[in-house]
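Asker: Sharing a sequence plus its predicted fold:
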Amino acid sequence: MQIIVQIALVLAVITVSVALMRGGSNARNLAIRRMMLVLFACVAAFSVFFPVALTRLAQLLGIGRGTDLVLYALIVSFLIFVATNNHRFRQLEKSITQLSRHAALEEAEKPWVGKQNES
């Protein structure tokens with residue numbers, strides 16, 4: 001049973017990472033992130049109030065303790081965070097590069113403008 005949970009966790013990390021890397025900053029991705037945040041908050045509150053249930057769930061999944069299950073969830077969440085921030089950083093780099101190129105072209109000397117005024 002433990003190998004099934006491990007495979008499921010790895011597949012979840014890969015699937016979510018690919019989905020977040022491919023998606024842009026549109027309304028759909030924002031809604032997904034907000035739903036994941038609400039789900040995380042609900043699960044966190046549940047685990048605080050009912051730690052025994054979390055341990056039972058972990059044992060049902062073949063994981064020894066509830067804290068180990070929380071650790072695995074934290075790792076998955078961290079990887080999602082890293083993937084999202086990496087995607088966002090690449091988008092910002094692309095925007096800054098385009099803005100820099102545009103500004104350089106706007107501020108560049110235009111020798112043809114000066115020659116027309118002299119004639």
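Answerer: Okay, I see it.
Asker: any low-confidence regions in the chain?
Answerer: Per-residue confidence for the chain (pLDDT under 70) gives these ranges: 1-2, 9, 13-14, 16-25, 114-119.
Asker: hey, which helix is longest across it?
Answerer: In the chain, assigned by DSSP state H, the helix with the most residues is helix 66-107.
Asker: For that one, which helices and strands make contact with it?
Answerer: For helix 66-107, the packing partners by 3 or more CB pairs under 8 Å, 6 or more residues apart in numbering; DSSP states H and E come out as helix 2-22, helix 27-49, helix 51-60. (Each C-beta comes from the backbone N, C-alpha and C, glycine too.)
Asker: what about Val5, distance to Gln98?
Answerer: In this structure, Val5 lies at 44 Å from Gln98, with CB to CB, to the nearest Å as the measure.
Asker: who's more crowded, those two?
Answerer: A count of neighbours by other CB atoms under 10 Å puts Val5 above the other of Val5 and Gln98, at 16 against 10.
Asker: surely that one meets Gly62?
Answerer: Yes - taking CB atoms under 8 Å as the definition, Val5 is a contact partner of Gly62 at 5.4 Å.
Asker: Name all residues that make contact with Phe46.
Answerer: Phe46 makes contacts with 53-54, as judged by CB atoms under 8 Å, 6 or more residues apart in numbering.
Asker: Could you check how far it is from Leu54?
Answerer: Counting by CB to CB, the gap from Phe46 to Leu54 is 8 Å.
Asker: do Ile75 as well
Answerer: The gap separating Ile75 from Leu54 is 16 Å, by CB to CB.
Asker: who has more neighbours, those two?
Answerer: The residue with more neighbours, out of Ile75 and Leu54 and counting by other CB under 10 Å, is Leu54; that gives 19 against 12.
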